[in-house]
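> One predicted model, sequence on top.
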Amino acid sequence: MIKPKDVQIFPIATDTLLLRSRTWDRLKFEIEYALQRGTTANSYLIQGDKIALFDPPGESFTEIFLKVLKERIDPKTIDYVILGHVNANRGETLKALLEIAPQITMVCSNPGAILLPNILLPKFPSQIKIIKGEETKLDLGKGHQLSFVPTPNPRYPDQLCTYDSQTKILFTDKLFGAHVCGDQVFDEGWKVYAEDRRYYFDCIIAPYGKQVSAGLEKLAQKTPKIYGTGHGPLVRYGLKELTLSYQQWLTNQKSQDFSIALIYASAYGNTATLAQAIAKGITKTGVTIESINAEVAEPEEIKEAINKCSGFIFGSPTLGGHAPTQIQTALGITLANADKSKLAGVFGSFGWSGEAIDLLENKLRDGGYRFGFDPIRVKFKPTDAILKTCEEAGTDFAQAVKKAQKSRQPKPSVNQSQTARTEQALGRIVGSLCIVTCQQEEVSGAMLASWVSQATFNPPGFTVAVAKERAIESLLYRGSYFVLNILQDGSYLGLMKHFLKPFAPGEDRFVGIEIETAQNGSPILKDALAYLECQVSDRMECGDHWVIYGVVQKGQVLQDGVTAIHHRKSGNHY
C-alpha cells in the first residue's frame, strides 16, 4: 500500500529545521528514479535574527508543504528563499509562497536569476539577491553567516551550494544525494545507502564529471560536519567516505582512454531526460562522457569537446518546426571541426512533428558521418521502456567507439609471458551455462552467463557475475527479481546462439523463444534444464563486473540431463 505524501519536520542544528517532503511513490519517468524507492525533497529553515528558507519542494508537495510551513512560522516573517537551483516544477511552490509572502527576497546564482522571471510569471518577487561568487555573504544573525559556492554543470547551470559557518552544514543541492525515502533523517549505518548513492551518482553526476570535479575543489575549502542534501538522508556519519567515493568515481571517469561528447538542448526537460539515459549507458562501459548543454555552452567549449572526443551525439527538441538556434550553432561547429571517422548519434523529443531530429540526421549523413545507433525519436514524455532503449543505445555507441579506436592500435605480439600463462590457467575455471532473465513492468532483459557459483546453503543462494556494460545490469539491483535458467548439455546451442546475438536497443530478447512467467514475473525458458526463481540480496562492484548475490525462492528441474559447461582457453575474455 502506497503511503500518502507527508512533510517530516526535524531539528538538525542550532536554529535549523529540516522540512522533508516525502513520497514513497515514484514522482516521474526519469532515469534516476528507476530504482523506485521513493524520494524526499529536503528543504531547510534557519531562524536567526532573519529567517531563510532553503529550496521549497516541487509542485507535487506545494499544498502540504505550505500547510506545514504555516503551522511552524508566519510566512510573512521569511526574509530570504535560497535556491540551490531553479526549475519550473519548484516554481509552482514559489509562486504560491509569494502569494502569501510577497516580501521575500530570492537568493540565487546569476543563471538562476535569468530563469526566474519566466518561471514565476505572473508573480515576481520584489527583490532578487544574485550570488556573483564566493565573496558574497549573507548574515542572518545569531552567528549564522552564510557563504555561497556556485557549482554549475550543464544540467543545472545555476546550481548553488551554501555553507553556514555556525552549524557547519553545507547545503549541497544535487550533490551527494540519493533517491530513497524512509523515516531515517541522517545516514546512520551509511553503508546501506551505498548502492542508492552510487546509482544517483552514475545517473546525475557522472555525465558532468569535469564540472563536478571543479565544484568539489571549491567546496574543499569548507569544513562541513553535515551535507544538507537535496534528496534522501542527510550525510553525517559517512561524510568523509562519500566525499572520497565521489573523488574516486570522478577520477575513474576522467582517466578513460576514450571520450564521447553529448551535446543537447531541452525545451521542456524531455530531451534532457533522454540525454541522461544515454549518458548512463555510456558510463557503464567505462568511456568518459562530456555532456554539454548547448543553451549555456560557449562555442569554444563545444569546439574543444568535438576535437578531443572519439564520437559525438546530438539531442534536440523541435520548436516551431526547427532545432533551437544553439543546437544549429553547435552543429555548424561540429561539421566544421569533427573528423569524418568519428561516430555520430542523434536523438530528440517533440510534440508533433520532430523536424529537428530529421535536420540533425540529414546534415550529419550528408557530412559523411557514420551512426552508432538509429536516430531516437520520442513523442512527448518518455516511458521507462524508451529510457531503457536510450540507455542501451548509449552502451552500444560507446562499445562501437572503443572497438573502432582499438582496431587502430597495433596488435600486441603473442608470447608465453607470465601474463599469458596466468590467463591460460585462469581460463581453466569452468562454469555452468545459464540464461539470466528478468521483467520489470514493461522492461525485460536477458543475458548468457557462465560465471555462476553456489554461495550459501542457508538461505540457498548463489553469485553471478554481470559485466558493467550489460543491458540487464541496471535491472539487477537489490530487491529486484530474476530467474536463472540452467541450460542442458547436448541441447543448449539454440538458446546460447539466440542470447549471444547482438540485440538492437530496446529489442525484445524473447521473440521466437518458448517462455512462461515465473511467480516473480520473470520469464522461464521452457527448453532449459532447470530454473531458479531468485531475488537480488546484494551486489558488489568487482573491477569491470558486478557480482550479484541472489537468494533462491523456488526452483524446478524441467528435463532429465546434466548441466552444460563453459570451457575457455583464456581467462581474459568469455
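Nice, thanks for sending it over.

> contacting residues around K218?
Contacts for K218 (Cβ atoms under 8 Å, 6 or more residues apart in numbering) come out as E134, V149, T151. C-betas here are computed from N, CA, C, even on glycine.

> L274 now?
For L274, the contacting residues are G315, F347, G348, S349, I376, V378, P382, I386, L387, C390, by Cβ under 8 Å, 6+ apart.

> Adding neighbour count, write these out as CSV.
Below are those laid out as CSV (neighbours: other Cβ atoms under 10 Å):
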residue, neighbour count
G315, 28
F347, 28
G348, 30
S349, 28
I376, 23
V378, 21
P382, 22
I386, 22
L387, 26
C390, 28
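
> re the thing from before, show the buried residues in the contacts of K218.
V149, T151 (16 or more other Cβ atoms under 10 Å).

> what's the closest of the contacts of K218 to Q440?
Taking Cβ to Cβ as the measure, Q440 sits nearest to T151 out of these, at 33.4 Å.

> where does T285 land in three-state SS?
At T285 the chain is in coil, as set by DSSP: H, G, I helix; E, B strand; the rest coil.

> what stretches of the stretch 101-250 of the chain score poorly on pLDDT?
Across the stretch 101-250 of the chain, the ranges flagged by pLDDT under 70 are 123-126.

> May I see the contacts of K218 organised as JSON lines, with secondary structure and distance to Y33 added?
Shown next, in JSON lines, are the contacts of K218 (DSSP: H, G, I helix; E, B strand; the rest coil; distance: Cβ to Cβ, whole Å):
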{"residue": "E134", "secondary structure": "coil", "distance to Y33": "32"}
{"residue": "V149", "secondary structure": "strand", "distance to Y33": "27"}
{"residue": "T151", "secondary structure": "coil", "distance to Y33": "22"}
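
> List the buried residues in the helix or strand bottoming out on mean pLDDT in the chain.
Using mean pLDDT, DSSP states H and E, the weakest-scoring helix or strand in the chain turns out to be helix 418-426, at a mean of 84. Within helix 418-426, the residues scored as buried using 16+ other Cβ under 10 Å are E423.

> same question, stretch 78-90
I78, D79, Y80, V81, I82, L83, G84, H85, V86, N89, R90.

> got it, and stretch 564-574?
Buried positions in stretch 564-574, judged by neighbour count with 16+ other Cβ under 10 Å: A564, H566, R568.

> List of residues touching the least confident helix or strand of the chain?
Helix 418-426 is contacted by residues V414, K569, S570, G571, N572 when judged by Cβ under 8 Å, 6+ apart.

> with the residues you listed in mind, which one is nearest to Q253?
Closest approach between the contacts of helix 418-426 and Q253, by Cβ to Cβ: N572, at 23.9 Å.

> residues in contact with the closest one?
N572 neighbours (Cβ under 8 Å, 6+ apart): E423, L426, G427.

> Please enumerate the helices of the stretch 101-250 of the chain.
Here the stretch 101-250 of the chain has its helices, by DSSP state H, counting those that start in this stretch, at 110-120, 194-200, 209-219, 239-254.

> same check, this time on the stretch 301-450 of the chain
Assigned by DSSP H, counting those that start in this stretch, the stretch 301-450 of the chain shows helices spanning 325-337, 355-366, 384-407, 418-426.

> got the angle for the first one vs helix 355-366?
Here helix 325-337 runs at 0 degrees with respect to helix 355-366, directions being taken by axes from the mean of the first three to the mean of the last three Cα atoms, to 10 degrees.

> How about the longest one?
Here helix 384-407 runs at an angle of 20 degrees relative to helix 355-366 (the same axes, to 10 degrees).

> Go through helix 384-407 and flag the buried ones.
Across helix 384-407, burial judged by 16+ other Cβ under 10 Å covers 384, 386-402, 404-405.

> what's in contact with it?
For helix 384-407, contacts defined as Cβ under 8 Å, 6+ apart pick out 29-31, 34, 257-258, 260, 273-274, 277-282, 284-285, 287, 310-311, 313, 341, 343, 345, 347, 372-373, 376, 378, 382, 440-443, 469, 471, 474, 503, 505-506.
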